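Undergrad: Curious how this folds, go ahead:
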Amino acid sequence: MSSKLEQKLAEFRITFIAEFNDKLAVLIKLWSEARTSHSRDSIKQFRFEVHSLKGSSGTLNFITLSDRLGMIEEEVAPCEVQTNNFKNVIPFIDRHMNSMIEASRNNPNPLLVLRDIPNSLGELREPQKNKEEITTQSYRDIKIALIDDNDATLTIHAKLLAGFGFTICQCKSIKQLQEEFKQQTFNLVLIDTDNSIDQSEEMFAYAAELRYSGIDVFILSSSSSFENRLAAVRSKANEYLLKPVNITTLVSKIRKNFKLDLVRPYRILLLDDQASVSIFYKALLEDEHVEVLAINHAESIMTELDSFHPDVFLLDMHMPNISGLEVARLLRQQSKYDYVPIIFLTADEDINTKLEVLECGADDVIPKNTPPNLIVKQVDSRIQRGQEIRYLASRDSLTGVLNHGQIMDAAAHALRLASRQQKPTVVVMIDLDHFKGVNDKYGHVAGDKVLISLGQLLMQSVRDTDYVGRYGGEEFMVVFSDTDPNIIESKMNDILTAFLQITYTIAEQPFNCSFSAGLASSTHHQKLSELVSSADAALYAAKEAGRSRVCVDALIKD
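TA: This next block holds a predicted model:
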């Protein structure tokens with residue numbers, strides 16, 4: 001835990017101690033009302049205040065107080081349903097309330113003494129890279145070494161990966177790669193274990209050495225045997241891929257391994273009715289360079305989600321007038337949040353509560369008295385897994401760009417943002433020229449290569465704030481946010497020039513491809529259907545003008 005966060009934690013504890021007697025006075029008043037009336041509402045209000053105080057005290061590591069309140073809550077909770085049992089628990093709660101009142105008269109209050117929790121300040125955190133090292137990388141920064149004694153496959157894999165923008169070094173043996181390491185470093189090593197120069201046992205041992213040194217390793221093998229796969233696991237290899245390796249799969253695995261498609265900083269929506277608890281967790285998580293939106297009223301969550309797109313929801317379990325479980329169900333009703341993890345931060349550790357959490361579609365429960373470093377670790381793990389799942393669900397399986405539904409959603413979102421911020425969104429429709437001829441003459445495998453290369457070229461040519469999707473068949477859509485149409489026209493011409501220079505070879509027959517593109521801007525179209533239709537019309541104009549060119553919507557020219 002950083003010194004900055006430790007200081008904040010100390011400040012929160014000082015504030016809690018200063019305000020404790022006021023909180024206890026509220027609790028005493030509510031207990032008096034419940035004790036006298038025996039009404040369900042008064043019992044519920046008392047229990048809710050107990051739960052809230054238990055959560056905040058546990059969060060700040062006042063474990064003795066948290067445990068005492070937990071015992072009270074455990075006795076009171078069933079009485080919300082069966083009030084006739086309430087009279088039987090009154091003596092028990094009286095004793096604990098009197099004990100808390102007596103403790104409050106002491107200085108220091110024995111209930112507000114910190115209890116040491118082993119490993120609470122970071123000893124349980126596994127060694128990690130520095131924050132600078134775990135930020136999203138660019139594909140241009142990734143240097144890959146290949147070990148393969150087969151000249152043909154070595155050259156093919158190197159050429160294909162270089163075509164996707166990676167820096168490649170070819171080696172025929174472990175010894176040759178060791179010599180290369182004296183001159184340069186690599187982020188990833190692809191090891192073909194079918195080599196005749198080095199034995200597979202030696203290959204796996206070398207993979208383990210590389211992993212120990214912090215270098216990622218992919219194993220390529222023609223064997224799917226249990227023994228080989230187990231050897232890869234024991235060597236800590238990141239991936240095990242069967243040959244022949246599909247280049248799209250390999251690139252996808254590389255992008256996933258280096259988190260090229262994960263969005264940082266992570267965004268967290270935190271819902272807790274207690275402002276003090278929200279402030280604490282916001283400070284805790286933002287210390288890890290995470291963007292946190294903390295809200296205290298569940299009723300405002302839908303409004304906030306119009307402009308804030310979280311990577312994870314952190315919800316309190318018990319709130320006035322609504323439960324966290326109900327909020328979770330509300331979120332799961334909306335397909336766009338299907339793959340966004342929901343985590344409950346709660347002082348309620350009952351097993352039935354945890355089962356209810358899973359039943360409502362949530363993913364995890366973290367007790368509020370969990371050491372801060374472990375909370376950060378659990379949240380980070382859930383966010384990364386959630387982003388990976390969302391990435392896979394949103395992508396076109398062949399090209400790796402967004403699928404039709406996702407690119408249309410992205411375009412709709414960009415258009416709403418453009419309207420709100422008064423900044424233009426540009427939509428470009430792209431269609432490969434004479435693509436049917438490519439399939440007919442060279443086969444569908446060749447057509448797939450063309451589609452893949454265009455998709456990857458587009459992804460590598462746009463900003464992180466832009467979107468690339470496969471609209472259908474050989475047609476792509478690109479959505480550019482907050483930009484001038486003239487700049488995009490120039491950019492698309494540069495992309496077309498680069499695409500024209502890609503040479504494909506099938507059965508020793510080289511060929512090239514081109515595309516036509518049409519461009520329209522939200523400055524002249526308020527509805528998405530109109531914007532797409534105008535871009536399509538400009539694309540048709542490009543086709544009519546002879547193909548292999550970029551045309552803009554007539555309204556932009558005017």
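Undergrad: And stretch 489-496, how far out from the chain middle?
TA: Chain-centre distance of stretch 489-496: 31 Å, with C-alpha atoms, centre = their mean, to the nearest Å.
Undergrad: same thing with stretch 335-347?
TA: That offset, for stretch 335-347, works out to 12 Å (C-alpha atoms, centre = their mean).
Undergrad: Could you do stretch 476-490 as well?
TA: Its chain's C-alpha centre and that of stretch 476-490 lie 26 Å apart, by C-alpha atoms, centre = their mean.
Undergrad: May I have the distance across that stretch, first residue to last?
TA: 18 Å (C-alpha to C-alpha, to the nearest Å).
Undergrad: same thing with stretch 321-337?
TA: In stretch 321-337, first residue to last residue: 23 Å (C-alpha to C-alpha).
Undergrad: need the helices for the stretch 201-350 of the chain, in chain order.
TA: If DSSP state H, counting those that start in this stretch is used as the criterion, the helices of the stretch 201-350 of the chain fall at 226-234, 247-257, 275-286, 301-304, 324-332.
Undergrad: Mind putting those into a markdown table with mean neighbour count, mean pLDDT and distance to residue 161?
TA: Every residue, glycine included, has its C-beta placed from N, CA and C. What follows is the helices of the stretch 201-350 of the chain, written out as a markdown table (neighbours: other C-beta atoms under 10 Å; pLDDT from 0 to 100; distance: least, C-beta to C-beta, whole Å):
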| stretch | mean neighbour count | mean pLDDT | distance to residue 161 |
| --- | --- | --- | --- |
| helix 226-234 | 15 | 94 | 20 |
| helix 247-257 | 18 | 79 | 7 |
| helix 275-286 | 19 | 82 | 37 |
| helix 301-304 | 14 | 89 | 42 |
| helix 324-332 | 20 | 91 | 40 |
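Undergrad: which stretch among these comes nearest residue 504?
TA: When the helices of the stretch 201-350 of the chain are compared by C-beta to C-beta, helix 247-257 sits nearest residue 504, at 12.7 Å.
Undergrad: which residues touch the closest one?
TA: With contact meaning C-beta atoms under 8 Å, 6 or more residues apart in numbering, helix 247-257 is reached by 139, 142, 144, 157, 160-161, 164, 166, 188, 216, 218, 238-239, 241, 260-261, 388, 391, 398-400, 452, 456.
Undergrad: Would you mind checking these for buried ones?
TA: 139, 142, 144, 157, 160-161, 164, 166, 188, 216, 218, 238-239, 241, 260-261, 391, 399-400, 452, 456 (16 or more other C-beta atoms under 10 Å).
Undergrad: From the chain's centroid, how far away is stretch 484-497?
TA: 31 Å.
Undergrad: before we move on, what SS does the residue positioned nearest the centre of the chain have?
TA: What sits nearest the mean C-alpha location of the chain, by C-alpha atoms, centre = their mean, is residue 387, with 3.1 Å. Three-state call for residue 387 (DSSP: H, G, I helix; E, B strand; the rest coil): helix.
Undergrad: That one contacts residue 312, doesn't it?
TA: No: here residue 387 does not reach residue 312: they are 9.3 Å apart, not a contact under C-beta atoms under 8 Å.
Undergrad: Now for the two: what residues contact both?
TA: With C-beta under 8 Å, 6+ apart, residue 387 and residue 312 have no common neighbours.
Undergrad: where are the low-confidence patches of the stretch 201-350 of the chain?
TA: Counting by pLDDT under 70, the stretch 201-350 of the chain contains low-confidence residues at 248, 261-264.
Undergrad: about what we covered before: which among the helices of the stretch 201-350 of the chain is found nearest to residue 88?
TA: Of those, the one closest to residue 88 (C-beta to C-beta) turns out to be helix 324-332, at 28.4 Å.
Undergrad: Can I get the closest one in PDB? Just the C-alpha atoms.
TA: C-alpha atoms of helix 324-332 as PDB (Å, rounded to 0.1, in the frame of the first residue of the first chain):
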ATOM      1  CA  GLY A 324     -27.800  -4.400  -4.200                       C
ATOM      2  CA  LEU A 325     -29.300  -7.700  -5.600                       C
ATOM      3  CA  GLU A 326     -32.100  -5.700  -7.200                       C
ATOM      4  CA  VAL A 327     -29.600  -3.300  -8.800                       C
ATOM      5  CA  ALA A 328     -27.600  -6.300 -10.100                       C
ATOM      6  CA  ARG A 329     -30.800  -7.800 -11.700                       C
ATOM      7  CA  LEU A 330     -31.700  -4.400 -13.200                       C
ATOM      8  CA  LEU A 331     -28.200  -4.200 -14.800                       C
ATOM      9  CA  ARG A 332     -28.400  -7.800 -16.100                       C
END
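Undergrad: Can you give the contact residues for that helix?
TA: Contacts for helix 324-332 (C-beta under 8 Å, 6+ apart): 271, 298, 301, 313, 315-318, 337-338, 340, 342, 344, 346, 356-357, 360-362.
Undergrad: if we go to 7 Å?
TA: Applying C-beta atoms under 7 Å, 6 or more residues apart in numbering, the external contacts of helix 324-332 come out as 271, 298, 301, 313, 315-317, 337, 342, 344, 356, 360-362.
Undergrad: Which PyMOL command selects the buried ones in these?
TA: Applying 16+ other C-beta under 10 Å to those, the buried members can be selected in PyMOL as follows:
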select buried, resi 271+298+301+313+315+316+317+337+342+344+356+360+362
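Undergrad: From the contacts of helix 324-332, pick the one nearest residue 86.
TA: Closest to residue 86, out of all of those and judged by C-beta to C-beta, is residue 317, at 22.7 Å.
Undergrad: wait, what's in contact with the closest one?
TA: By C-beta under 7 Å, 6+ apart, the neighbours of residue 317 are 323-324, 344, 346, 348, 353.
Undergrad: what's the domain layout of this structure?
TA: Using automatic domain parsing, the domain parsing of the chain gives 3-112, 137-257, 267-394, 404-557.
Undergrad: burial of the closest residue to residue 399 other than its chain neighbours, as a residue count?
TA: Closest residue to residue 399 apart from its sequence neighbours, by C-beta to C-beta, 6 or more residues apart in numbering: residue 455 at 3.2 Å. When neighbours are counted by other C-beta atoms under 10 Å, residue 455 registers 22.
Undergrad: Name the helix or strand for residue 455, please.
TA: Residue 455 belongs to helix 444-461 when assigned by DSSP states H and E.
Undergrad: Show me the shaky parts of this protein.
TA: Counting by pLDDT under 70, the ranges of the chain that qualify are 1-5, 115-140, 248, 261-264, 557-558.
Undergrad: and with 50 instead?
TA: 117-136 (pLDDT under 50).
Undergrad: what about the longest helix in it?
TA: Criterion DSSP state H: the longest helix present in the chain is helix 3-37.
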